[in-house]
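> Need coordinates for the below:
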Amino acid sequence: MNYEYVVTASLKICEKHPDFVAGVVCQSPNIVQNPGLVQLTPGVSLDCQNDGPLGQQYNSPEDVVISRGADIAVVGRGITQATDPVQAAQEYRAKLWAAYEKRVSSLQNA
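Okay, the predicted model is just below:
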């Protein structure tokens with residue numbers, strides 16, 4: 001299946017059902033043009049670029065929030081497989097919030 005076709009078809013569903021669709025899971029900042037849709041971006045990690053045999057590609061909190069435009073960053077194994085999940089969640093929260101503040105301040109200064 002063609003990637004462009006899938007993206008276009010998915011966004012048409014979003015437009016057709018605004019009372020039902022709240023957001024889109026994606027990696028690209030150019031996918032979600034409607035400010036009423038939340039962009040959820042998975043694959044966030046503090047310390048690795050990929051996980052080898054599983055093929056997951058990771059991005060830093062700053063990259064996901066600033067470069068990719070995430071409204072919500074989805075963190076999985078970085079927390080669930082941490083030695084101290086509570087501490088890991090707090091670290092992700094702090095880094096993601098700092099990235100969000102940086103993104104917002106750059107918009108205010110533009």
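
> Every contact and neighbour count from this point should use C-alpha atoms.
Noted.

> Which phi and psi values does residue 59 adopt?
Phi and psi for residue 59, reported as degrees, to the nearest 10, are phi -130, psi 150.

> Would you mind measuring from residue 82 to residue 96?
Distance, residue 82 to residue 96, using CA to CA, to the nearest Å: 17 Å.

> Name the helix or strand of the chain that has the lowest mean pLDDT.
Ranked by mean pLDDT, DSSP states H and E, the weakest helix or strand in the chain is helix 3-16, scoring a mean of 87.

> higher neighbour count, residue 82 and residue 96?
Under the criterion of other CA atoms under 10 Å, the comparison of residue 82 against residue 96 puts residue 96 first, with 22 against 12.

> so what's that one up against?
Contact partners of residue 96, counting by CA atoms under 8 Å, 6 or more residues apart in numbering, are 61-62, 65, 73.

> Okay, and which of the residues you listed map to strands?
Using DSSP state E, the subset of the contacts of residue 96 located in strands is residue 73.
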